[in-house]
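let's see this in three dimensions:
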Amino acid sequence: MNQQALSAFIWSVADLLRGDYKQSDYGKVILPFTVLRRLDCVLEATKPAVLAELEAKSRLGVNPEPFLLRKSGHRFYNQSPLDMPKLLGDPDNIAHNLFTYVQGFSADVRDIFDHFEFQAQTERLAKAGLLYQVAEKFAQIDLHPDKVSNAQMGLVFEELIRKFAEISNETAGEHFTPREVIRLMVDLIFIEDNDVLSQPGVVRTLYDPTAGTGGMLSVAGEYLAAMNPNARLTVYGQELNPESHAICKADMLIKGQDVANIAFGNTLSDDGHPHMKFDYMLANPPFGVEWKKVEKEVRKEHEQRGFDGRFGPGLPRVSDGSMLFLLHLISKMRPAKDGGSRFGIVLNGSPLFTGGAGSGESEIRRYVLENDLVEAIVGLPNDMFYNTGIGTYVWIISNRKPAARQGQVQLIDASGMWQKMRKSLGSKRKELSDAHIERITQLFGRFEEASDEDGKPISRIFANEAFGYHTITVERPLRDAEGKVALFEKGKQKGKPQPDSSLRDTENVPLTEDVGEYFQREVLPHAPDAWIDPDKTKVGYEIPFNRHFYVFKPPRPLAEIDADLKRTTDRILDMIKGLSA
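Residues are numbered from 1 along each chain as shown. Next up is the predicted model:
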């Protein structure tokens, strides 16, 4: 059964729930039962051996857990003699037996079903007389990894979550990222390390602070396994949504990962991996989402711990917390002397330019650029994500830049690299093909300026300081009614001209220019009495991405435009004559 057919089959369970459940609650039943059936199928082959081992160790009075794990062949087991097909053999006691069966799982799996609040849902289904029918429906499908691969299963969960988000008016984009975007990000963070990653026995760590259902962790693992079957990638993550967290843990369990590495909770206010550093990181944090709920904890860390904490460089405005995740990931980078780190993060356009000199956003940009952490920023096409049609950007950040990249930033405009989807999914109407992903990755890997067939630039390279500027405050003197300059009469400024606040202005001077020379050239010829207030000068940074790829197209010749206008006017006059006749 392919992914679409499987999703459709599982979704058909919704027909049973209609009337007894609101549409927005369908996921509370369908998601945990899908996970349960998946785990049930995974353990089926080793179940007899596990039960025999349980009986043997119980007779000896020995703790059976480590032995059961070994017999199951996985990081989890179930010690109940029941399974989903057997549950159907006793319809009258299915609620009790289902509870007993779930309690027979090892602790990590029980925790997954606690996050689903599965017990409450089974009781509700039983009261509605639907529990047996739902269990029977799921028992009909075989979700063993031999029949439905881990990659397929991940896509099925994402499709289900997208549908639930649509019908309940939630934001699907908060839960997962399109797979082709993840593949691109994985390619970008690994490409410069292909030689190292292909060595036998290599061990690396990967972290996602907004893990969702685990898509980024899964794709990265698949990439590394394909490149080097002997490499080991240990994954870590944190997720706020309980259902997504439960699915992520189940997926990691089946893949043999340590699910204790997948923390639950809000990454910004309660870091689930407070003392850890990682080799690689990937993130698609919710952008345009305010962080007011965690403002108290974040400001406290910023003010009390400064650069010893995560948010030392500055805080963005409360209406958008995406740059907080950028700072969080920077704090998780392994020191350069220990091998360093590289990560990719998806952000919207706002972090590129929002906020003037001295603002939190500008100070964060200043920190990453002055510390030479930005390797590249890739502009993606619009309509790439399920919950928004706006433009998005992948930032590649590293504290171990190759020598050729040091002191420089590469901007790649991939906004024209897309193909139309056969069927739109929410706001997602476009996708990256394999060829597009390869093209973008090559542009990044070659680290050189490039243009498309029409001569429009698609890759540009700039020095870090090209994005910086001084904001200078230009003052002009206050004058009395007779036009005389008003002077300070007291204090340090005594005898100096008083500034006229109504004439005050600011100018942004590129860091690459001398402020004095700029002032002499651009200001004094127009205002000979002006001066700079040095106490108000600030350093700012912005990355005007689109401006660097703008290509001026001269307007048509005036004669051609006039001829067009005359033709149009003549046609209108003819129409009026026809009406009057």
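
for stretch 473-481, which residues meet the burial criterion?
For stretch 473-481, burial by neighbour count (16 or more other Cβ atoms under 10 Å) applies to 473, 474, 475, 476, 477, 478. To be clear about C-beta, it is placed using only N, CA and C from the backbone, and glycine gets the same treatment.

same deal with stretch 214-234?
214-224, 228, 231, 233.

same question for stretch 190-209.
For stretch 190-209, a neighbour-count test (16+ other Cβ under 10 Å) marks 190, 192, 197, 202, 204, 205, 206, 207, 208, 209 as buried.

I figured the fourth one was touching residue 231, is that so?
Yes - contact between residue 202 and residue 231 holds when scored by Cβ atoms under 8 Å: they sit 4.7 Å apart.

looking at the buried residues of stretch 190-209, which one is closest to residue 409?
residue 192 (15.3 Å; Cβ to Cβ).

not counting sequence-adjacent ones, nearest residue to the closest one?
residue 402 (6.3 Å; Cβ to Cβ, 6 or more residues apart in numbering).

what's the burial count for the one you found?
By other Cβ atoms under 10 Å, 10 other residues sit near residue 402.

low-confidence stretches in the stretch 201-350 of the chain?
Along the stretch 201-350 of the chain, no part satisfies pLDDT under 70.

repeat that for the stretch 351-500 of the chain.
387.

which residues of it fall in helices?
360-370, 434-446 (DSSP state H, counting those that start in this stretch).

in the last one, what's buried?
Meaning helix 434-446. 436, 437, 439, 440, 441, 443, 444.

what is the burial count for residue 401?
For residue 401, the count of nearby residues is 19 (other Cβ under 10 Å).

check contacts around it.
372, 375 (Cβ atoms under 8 Å, 6 or more residues apart in numbering).

for it, phi and psi?
Main-chain dihedrals, residue 401, degrees, to the nearest 10: phi -60, psi 140.

the helices in the stretch 201-350 of the chain, which residues?
So, for the stretch 201-350 of the chain - with DSSP H, counting those that start in this stretch - the helices run 215-227, 242-254, 295-305, 322-331, 350-353.

and the second one, what does it pack onto?
Using 3 or more Cβ pairs under 8 Å, 6 or more residues apart in numbering; DSSP states H and E as the contact criterion, the neighbours of helix 242-254 among helices and strands are helix 26-43, helix 107-115, helix 150-167, helix 215-227, strand 232-239, strand 262-264.

do the same with the shortest one
In this structure, helix 350-353 packs against helix 322-331, helix 360-370, with contacts taken as 3+ Cβ pairs under 8 Å, 6+ apart.

possible to save the helices of the stretch 351-500 of the chain as JSON lines with distance to residue 407?
JSON lines is the format used below for these (distance: least, Cβ to Cβ, whole Å):
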{"stretch": "helix 360-370", "distance to residue 407": "10"}
{"stretch": "helix 434-446", "distance to residue 407": "17"}
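
of all the ones you listed, which one is nearest residue 532?
helix 360-370 (19.8 Å).

now do the buried residues in the closest one.
For helix 360-370, the neighbour count (16+ other Cβ under 10 Å) marks 360, 361, 362, 363, 364, 365, 366, 367, 368, 369 as buried.

what's the answer for stretch 63-77, then?
Residues 64, 67, 68, 69, 71, 72, 74, 75, 76, 77 are the ones in stretch 63-77 that count as buried (16+ other Cβ under 10 Å).

distance between the ends of stretch 463-474?
28 Å (Cα to Cα, to the nearest Å).

what's it in contact with?
Outside stretch 463-474, the residues touching it (Cβ under 8 Å, 6+ apart) are 356-358, 365-366, 369-370, 372, 374, 407-409, 504-512, 515, 519, 523, 527, 530-533, 536-543.

my guess is residue 84 contacts residue 39, does it?
No - using Cβ under 8 Å as the test, residue 84 is too far from residue 39 to be in contact (9.7 Å).

count the residues that sit near residue 162.
Using other Cβ under 10 Å: residue 162 sits among 20 other residues.

pLDDT wise, what is it at?
pLDDT recorded at residue 162 is 75.

chain center to stretch 419-427: distance?
20 Å (Cα atoms, centre = their mean, to the nearest Å).

list the buried residues in that stretch.
Judged by neighbour count (16+ other Cβ under 10 Å), stretch 419-427 contains these buried residues: 425, 426, 427.

got the residues you listed as TSV, with distance to residue 346 columns?
Output for the buried residues of stretch 419-427, formatted as TSV (distance: Cβ to Cβ, whole Å):
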residue	distance to residue 346
425	17
426	16
427	15
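
nearest to residue 491 among those residues?
residue 427 (58.9 Å).

surely the closest one touches residue 421?
No - the criterion here is Cβ under 8 Å, and residue 427 misses it with residue 421 at 11.2 Å.

just to revisit the earlier point, any chance of a markdown table for the helices of the stretch 201-350 of the chain, columns distance to residue 10?
Formatted as a markdown table, those follow (distance: least, Cβ to Cβ, whole Å):
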| stretch | distance to residue 10 |
| --- | --- |
| helix 215-227 | 18 |
| helix 242-254 | 13 |
| helix 295-305 | 38 |
| helix 322-331 | 32 |
| helix 350-353 | 37 |
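
which among the ones you listed is found nearest to residue 313?
Closest approach to residue 313 among those (Cβ to Cβ): helix 322-331, 6.4 Å.

buried ones in that closest one?
322, 323, 324, 325, 326, 327, 328, 329, 330.

I'd like the distance between the last one and residue 275.
From residue 330 across to residue 275, the span is 16 Å (Cβ to Cβ, to the nearest Å).

ok, now the first one?
Applying Cβ to Cβ, one obtains 24 Å for the distance of residue 322 from residue 275.

what of the fifth one?
To residue 275, residue 326 is 20 Å away according to Cβ to Cβ.

for the third one, same thing?
For residue 324, the distance to residue 275 under the criterion Cβ to Cβ works out to 19 Å.

over to the fourth one?
Going from residue 325 to residue 275 by Cβ to Cβ gives 19 Å.

bridged to the closest residue to residue 341 other than its chain neighbours, which residues?
Excluding the flanking residues, the one nearest residue 341 by Cβ to Cβ, 6+ apart is residue 333, at 3.9 Å. Assessed by DSSP bridges, residue 333 has beta-bridge partners residue 278.

okay, the buried residues of helix 434-446 in TSV with distance to residue 117 next?
Formatted as TSV, these follow (distance: Cβ to Cβ, whole Å):
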residue	distance to residue 117
436	41
437	39
439	46
440	42
441	42
443	47
444	44
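
show me which residues of stretch 23-42 are buried.
Those would be 25-42, for stretch 23-42 by 16+ other Cβ under 10 Å.

swap in stretch 337-350?
341, 342, 343, 344, 345, 346, 347, 348, 349, 350.

and that stretch, how far apart are its ends?
Chord length of stretch 337-350, first to last residue, is 33 Å (Cα to Cα).

need the max-distance pair from the buried residues of helix 322-331.
Greatest spatial distance among those (Cβ to Cβ): 322 and 330, at 13.5 Å.

pLDDT averaged over the lengthiest helix in the chain - what is it?
If you go by DSSP state H, the chain has its longest helix at helix 558-580. Across helix 558-580, pLDDT averages out at 89.

for it, packing partners?
Using 3+ Cβ pairs under 8 Å, 6+ apart, helix 558-580 sits against no helix or strand.
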